[in-house]
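> Dropping the sequence and predicted coords here.
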Amino acid sequence: MDNLKINKKTMVLLSGSGDTVVWFRLELLDKFLDQSFKVYVLAPDIRPELKKELDNRGIDLIFIKLERKGFNIINLFQSIAELIKIFRKIKPDLIFSYTHKAILAGSLAARLSGFSNLYSLITGTGHLFDNKTYKEKLIKFLGSKLLRLGLKFNKIIFFQNPDDKKLFIDNKIINYKKSRIVNGSGVNLKKFNIESLPSSPIFLTMARLIKSKGIMEYAKSAREVKKYYPDARFLLYGYPDDHPDSISEKDIIENWYEKYGVEYCGYADDPKTAIRSCSIFVLLSYKEGTPRVVLEAMAMGRPIITTDVPGCRETVQNEVNGFLVPPFKYLEASNAMKKLLNEDMRMEMGSNSREYCESKFDVNDVNRVLLSEMGLT
């Protein structure tokens, strides 16, 4: 804290994960740097190799004690108190938050410390709106009330798909006049350039090892396709996550190739290299904001199979650049996979993916909208 420097123009990006700042927000931060902002990133953690990307840009990372998972009211109040001290020291001209807990703590801390130039990005609903068990209903009730309070102090709330926007409006969490839609996080079309497809059918999914990413459905679909076409390959890149619906990495390593025919490749240090190895990209998630990894696969000219759910459905024009399938229905997913055993179809849909990405998901266009709405054109 003693080394924080006061600058004429200062912005804070607040997130529940430092990794995702580097994965998804570097181009946005570069835009602030281009406008001579001093940039601070506030997050609870980050991989050392990713922190270097911030260091190389002269971006200061401040570690905070915000807990990313679960609902802990004590940690929330502690985080608000911690952020108040940081905000009063930095005196930010602009605060931009994403992930629910970061948005909530950041918005309330900014209000209590007297800063009003607040913006938030809703990157998905996560488990906040689960409504089956008594505990889930309680979390939904409390979380909705607290988010409503926090977001009240934001100038604009950005959404990555219209379903999430409607959900927040219907639950009276936000005033619709403050809401805006952006096309996901966008994708860097120069970094993720189109590349030729492998000639054989190689399927790939890439996600945290949790059930809600549709990894079990992917595995079961792989098993069905291999009954029909045993030479098809199914790759899985991912990493374990301490989460209520986590899938055991040990079980995947030891059993999934024999049981499902899925080849586990571990954490993808370089998503581009991972995507280059496949000819079809699959994400059978139960819900998303707008999945960045799908956009990256589209930019590289891969046909997509994903679920017809909020966020995911935004990425696919059904039967044009891929297939939309119902969530949880692995047999439907396997039928779509069988269609893409046809090489000509893979090539045509892959080309359409790139064209669709260019028309809608260019990161420069997305950031232009964000900055314009913040009055920084």
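Perfect, I can see it now. Owing to the predicted nature of the structure, the values given are computational and were not obtained by experimental measurement. Residues are numbered from 1 along each chain as shown.

> Go ahead and list the helix or strand containing A207.
strand 202-208 (DSSP states H and E).

> Mind exporting the C-alpha coordinates of that strand to CSV?
Extracted C-alpha coordinates of strand 202-208, given in CSV (Å, rounded to 0.1, in the frame of the first residue of the first chain):
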residue,chain,number,x,y,z
ILE,A,202,-10.6,-34.4,-33.6
PHE,A,203,-13.0,-33.0,-31.0
LEU,A,204,-11.9,-30.7,-28.2
THR,A,205,-13.4,-29.2,-25.1
MET,A,206,-11.6,-26.8,-22.8
ALA,A,207,-13.0,-25.8,-19.4
ARG,A,208,-12.6,-25.9,-15.6
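
> Quick check: mean pLDDT of the following helix or strand past it?
Going down the chain from strand 202-208, the next helix or strand is helix 215-228, by DSSP H and E. For helix 215-228, mean pLDDT is 97.

> Adjust the sequence numbering to begin at 90 for everything that follows.
All set: I'll call the first residue 90, so the last point we hit is now helix 304-317.

> what are the C-alpha coordinates of helix 304-317, in PDB please?
Extracted as PDB, the C-alpha positions of helix 304-317 are listed here (Å, rounded to 0.1, in the frame of the first residue of the first chain):
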ATOM      1  CA  ILE A 304     -17.800 -32.100 -19.300                       C
ATOM      2  CA  MET A 305     -19.700 -35.300 -18.300                       C
ATOM      3  CA  GLU A 306     -22.000 -34.800 -21.300                       C
ATOM      4  CA  TYR A 307     -18.900 -34.400 -23.500                       C
ATOM      5  CA  ALA A 308     -17.400 -37.700 -22.200                       C
ATOM      6  CA  LYS A 309     -20.700 -39.600 -22.700                       C
ATOM      7  CA  SER A 310     -21.100 -38.100 -26.200                       C
ATOM      8  CA  ALA A 311     -17.500 -39.200 -27.000                       C
ATOM      9  CA  ARG A 312     -18.300 -42.800 -25.900                       C
ATOM     10  CA  GLU A 313     -21.400 -42.900 -28.200                       C
ATOM     11  CA  VAL A 314     -19.500 -41.500 -31.300                       C
ATOM     12  CA  LYS A 315     -16.600 -43.900 -30.800                       C
ATOM     13  CA  LYS A 316     -19.000 -46.800 -31.000                       C
ATOM     14  CA  TYR A 317     -19.900 -45.600 -34.500                       C
END
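
> Can you point out the buried residues in the strand holding A296?
291-296 (16 or more other C-beta atoms under 10 Å). Heads up, the C-betas are built off the backbone N, CA and C, glycines and all.

> And stretch 433-443, by the same measure?
435-436, 438-439, 441-443.

> What of stretch 322-335?
Buried residues in stretch 322-335, counted by 16+ other C-beta under 10 Å: 322-327, 330, 332.

> Spell out the residue ranges of the helices in this structure.
107-113, 115-123, 137-146, 162-179, 189-201, 223-240, 251-259, 304-317, 338-349, 360-365, 381-388, 419-428, 432-449, 452-462 (DSSP state H).

> for those helices, which one ends up most surrounded?
Of the helices of the chain, the one with the most neighbours on average (mean count of other C-beta atoms under 10 Å) is helix 381-388, at a mean of 27.

> that older thread, worst average pLDDT in the helices of the chain?
helix 223-240 (a mean of 78).

> Please name every helix or strand in contact with that helix.
With contacts defined as 3 or more C-beta pairs under 8 Å, 6 or more residues apart in numbering; DSSP states H and E, helix 223-240 has these neighbours: helix 189-201.

> circling back: which one of the buried residues of strand 291-297 is nearest F247?
Ranked by distance to F247 (C-beta to C-beta), these are led by A296 at 23.2 Å.

> quick one on the thing from earlier: and of the buried residues of stretch 322-335, the nearest to L256?
In terms of C-beta to C-beta, no member of these lies closer to L256 than H332, at 21.5 Å.

> With adjacent residues omitted, what lies nearest to that closest one?
With sequence-adjacent residues excluded and distances taken as C-beta to C-beta, 6 or more residues apart in numbering, H332 is closest to I299, at 4.9 Å.

> residues contacting that neighbour?
Counting by C-beta atoms under 8 Å, 6 or more residues apart in numbering, I299 touches 330, 332, 334-336.

> can you redo the residues you listed as a markdown table with distance to M387 and pLDDT?
Shown next, in a markdown table, are those (distance: C-beta to C-beta, whole Å; pLDDT from 0 to 100):
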| residue | distance to M387 | pLDDT |
| --- | --- | --- |
| D330 | 24 | 84 |
| H332 | 27 | 76 |
| D334 | 27 | 86 |
| S335 | 28 | 93 |
| I336 | 26 | 96 |
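
> coming back round to it: quick one, which of the buried residues of stretch 322-335 has the minimum pLDDT?
H332 (76).

> these two touch, right, that one and K302?
No: counting by C-beta atoms under 8 Å, H332 does not reach K302; the two are 10.1 Å apart.

> What residues are bridge-paired with the residue nearest to H332?
S335 (DSSP bridges).

> From the rest of the structure, what touches stretch 203-214?
With contact meaning C-beta under 8 Å, 6+ apart, stretch 203-214 is reached by 176, 180-188, 192, 195-196, 199, 240, 242-249, 253-254, 256-257, 271, 274, 376-378, 399-400, 459, 462-463.

> mind checking pLDDT for E156?
Listed pLDDT for E156 reads 84.
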